[in-house]
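1. coords please:
(4 chains)
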Number of protein chains: 2
Amino acid sequence: MDTQRGVPRTHARATEPGATGRAGARDVPTATVARLPGYLRVLNGLTADGVVTTSSEELAAGAGVTSAQLRKDLSFLGSYGRRGVGYDVLHLSEQISVVLGLTTQRRVVIVGIGNLGHALASYSVFAERGFAVVGLVDADPALVGTTVGGLMVQPPASLHDVVSGADATIGIIATPAAVAQDVCDELVAAGVVGILTFAPRALRVPAHVDLRAVDVASELQILAFHDRRRTGTGA
Amino acid sequence: MDTQRGVPRTHARATEPGATGRAGARDVPTATVARLPGYLRVLNGLTADGVVTTSSEELAAGAGVTSAQLRKDLSFLGSYGRRGVGYDVLHLSEQISVVLGLTTQRRVVIVGIGNLGHALASYSVFAERGFAVVGLVDADPALVGTTVGGLMVQPPASLHDVVSGADATIGIIATPAAVAQDVCDELVAAGVVGILTFAPRALRVPAHVDLRAVDVASELQILAFHDRRRTGTGA
DNA sequence: TAGATTGTTAATCGATTAACAATC
DNA sequence: TAGATTGTTAATCGATTAACAATC
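-> Model (predicted):
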């Protein structure tokens, strides 16, 4: 009840279909991939603090996992530590970035500029972590043409052009649930290979597209399950 | 790469410490608990469509899981279906609500009313799914005293009173990462038993408090991992 | 009865944990 | 060398899948 958790997935295992294949990056378990961003975050913080070397113990504590878990996770990437010494913060950070594919900036399009989409479009953390929001789309005529986070909101009919024109590979869906599947299909048709949806509804995507879903109301309902056990109400 | 996933957790198993214990609700695996909100969502949709009876096949398809998975999950709650017939939509919906502890309305306080907090404070889906936002707190003097989603924003010094005064059991953290742990500690001291954080930082909570973390930038980084394999860039 | 569909069992699979040999 | 810490192995644990007997 007290540990931080990453994100689960019924994900296909992360095998390496790539041509030559970078050493070490092959066949990383999905559970490990989901924790890598957390490690990277801690490493970046250490770098900002001027820390040059770290240990599995320190890194794990910062990320909220055990040192055994951390070493096991890193072992799937390769051997980037030195026994008896620890890990070079900058080098490990770079290796994880390479494995996650963050050495190239990914371009993101957000569909649905309501309260949530608006917040995401203005979210500075995206830029800090290597993503560029390159397009905004909304169906509300009152919203189309306005500027949010420095970008002009485009109409739904422009979705394909916005995605392909900016060469976006990731789409974020922040629309009402009712239209989420249609938007999803259009994003896929336009060429995105990854989708992050906030719409409370199951979406279908082809096998070559990666889908991740965040449902904040479901998160609260999961909290309610444990809440009930502590406050005694609810049954 | 194509399935919907719930939320992973390094969660303690959901054992039943409650006194008498409702039949069936004991010892539900965390992976199952995380999928229950999805089933509930589909059941509510079926109810709205006037559907009276459903099958594991139909329900699973709507939730994006296999029928085997669904039946296995429901088996932890009890036997609420009829062989050869299926499930009564209303009855099953009610049983899941009881297990999740949704028969009592939970009160939620949101700390950090920036872009994201603002969006969450105005998020109608919370009310639809049985949660009441009863307090808003922010450190920005320019924001304190303003009204968002019908509630007046309170200063940080009022956090404890806002939580205990409204008897809130769940806290949502939408503050900058730098202050997230302090806010978390204050929420716990004020008596919440569940915390949902959007701050990109690992948080520590005592064993009796349940913590769930949503990190949208990490979600994008996980998508980038697969993106790299398809677009070939990034290594 | 015959057909349908659940609930459960058993097998498989993947993830976590702990311990320690390797080695800096 | 002695102490420290990694990387790996093996054991455990939990979750998923498939098949089917129970039963409506």
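2. State the distance from A:Val153 to DNA strand C.
-> As judged by CB to the nearest atom of the strand, to the nearest Å, A:Val153 and DNA strand C stand 39 Å apart. Backbone N, C-alpha and C define where each C-beta goes, glycine included.
3. Following whichever strand or helix holds that residue in sequence, what is the next regular element?
-> Element membership for A:Val153, per DSSP states H and E: strand A:151-154. Using DSSP H and E, the helix or strand that follows strand A:151-154 in sequence is helix A:159-166.
4. For A:Gln69, which residues are in contact?
-> A:Gln69 makes contact with A:Arg35, A:Ala60 under the criterion CB atoms under 8 Å, 6 or more residues apart in numbering or on different chains.
5. Which positions in the strand or helix carrying it come out as buried?
-> If you go by DSSP H and E, A:Gln69 is part of helix A:67-75. By neighbour count with 16 or more other CB atoms under 10 Å in any protein chain shown, helix A:67-75 contains the buried residues A:Gln69, A:Leu70, A:Arg71, A:Asp73, A:Leu74.
6. From chain B, how far out is the nearest residue to the last one once chain neighbours are set aside?
-> By that I understand A:Leu74. With CB to CB, 6 or more residues apart in numbering or on different chains as the criterion, A:Leu74 has its nearest non-adjacent residue at 6.5 Å, and that residue is A:Tyr80. Distance of A:Tyr80 to chain B, given as CB to the nearest CB, to the nearest Å: 15 Å.
7. Might one say that A:Tyr80 is in contact with A:Arg71?
-> No - A:Tyr80 lies out of contact with A:Arg71 (CB atoms under 8 Å); the separation is 10.8 Å.
8. What average pLDDT does stretch A:116-125 get?
-> Here stretch A:116-125 scores 95 as its mean pLDDT.
9. is chain B contacted by the strand holding A:Val153?
-> No - Strand A:151-154 is not in contact with chain B by CB under 8 Å from any CB of the partner chain; minimum separation 14.7 Å.
10. avg pLDDT for that strand?
-> Mean predicted confidence for strand A:151-154 is 98.
11. could you list every residue that touches the nearest residue to A:Ile113 once chain neighbours are set aside?
-> If the residues on either side of it in the chain are set aside, A:Ile113 comes closest to A:Asp138, at 4.1 Å by CB to CB, 6+ apart. By CB under 8 Å, 6+ apart, the contact set of A:Asp138 is A:Val111, A:Gly112, A:Ile113, A:Gly114, A:Gly117, A:Val144, A:Val153, A:Gln154, A:Pro155, A:Pro156.
12. Could you dump the residues you listed into TSV with neighbour count added?
-> Formatted as TSV, the contacts of A:Asp138 follow (neighbours: other CB atoms under 10 Å in any protein chain shown):
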residue	neighbour count
A:Val111	29
A:Gly112	26
A:Ile113	26
A:Gly114	16
A:Gly117	24
A:Val144	18
A:Val153	22
A:Gln154	20
A:Pro155	15
A:Pro156	18
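13. for the residues you listed, which one is nearest DNA strand C?
-> Checking the contacts of A:Asp138 against DNA strand C with CB to the nearest atom of the strand, the nearest one is A:Val111 at 29.7 Å.
14. so what's the closest one up against?
-> A:Val111 neighbours (CB under 8 Å, 6+ apart): A:Gly117, A:Leu136, A:Val137, A:Asp138, A:Leu159, A:Gly171, A:Ile172, A:Ile173, A:Ala174, A:Thr175, A:Val183, A:Leu187.
15. ok, the closest residue to it other than its chain neighbours - how many residues close by?
-> Spatial nearest neighbour of A:Val111, excluding adjacent residues (CB to CB, 6+ apart): A:Val137 at 4.6 Å. A count of nearby residues for A:Val137, using other CB atoms under 10 Å in any protein chain shown, gives 27.
16. Check what pLDDT A:Val137 gets.
-> 98.
17. Enumerate the beta-bridge partners assigned to it.
-> Bridge pairing for A:Val137 (DSSP bridges) gives the partners A:Val111, A:Gln154.
18. What pLDDT is listed against A:Val7?
-> At A:Val7, pLDDT is 34.
19. So the nearest residue to A:Gly117 once chain neighbours are set aside versus A:Ser75, what's the distance?
-> Spatial nearest neighbour of A:Gly117, excluding adjacent residues (CB to CB, 6+ apart): A:Ala174 at 3.6 Å. Distance, A:Ala174 to A:Ser75, by CB to CB, to the nearest Å: 37 Å.
20. Please apply the same query to A:Gly86.
-> From A:Gly86 across to A:Ser75, the span is 15 Å (CB to CB).
21. residue ranges of the helices in chain A, please?
-> A:30-48, A:56-63, A:67-75, A:89-100, A:115-121, A:124-128, A:159-166, A:177-190, A:216-231 (DSSP state H).
22. So, low pLDDT: which residues of chain A?
-> By pLDDT under 70, the low-scoring segments of chain A are A:1-26, A:232-235.
23. the domain parsing of it - what is it?
-> Here the domain parsing of chain A from automatic domain parsing is A:30-100, A:106-218.
24. Point out the most buried one among the ones you listed.
-> Most buried of the domains of chain A by mean neighbour count (mean count of other CB atoms under 10 Å in any protein chain shown) is domain A:106-218; its value is a mean of 20.
25. wait, what's in contact with the residue nearest to A:Ala177 when sequence neighbours are not counted?
-> Leaving aside its chain neighbours, A:Ala177 sits nearest to A:Arg201 (4.1 Å; criterion: CB to CB, 6+ apart). For A:Arg201, the contacting residues are A:Ala177, A:Ala180, A:Gln181, B:Arg41, by CB under 8 Å, 6+ apart.
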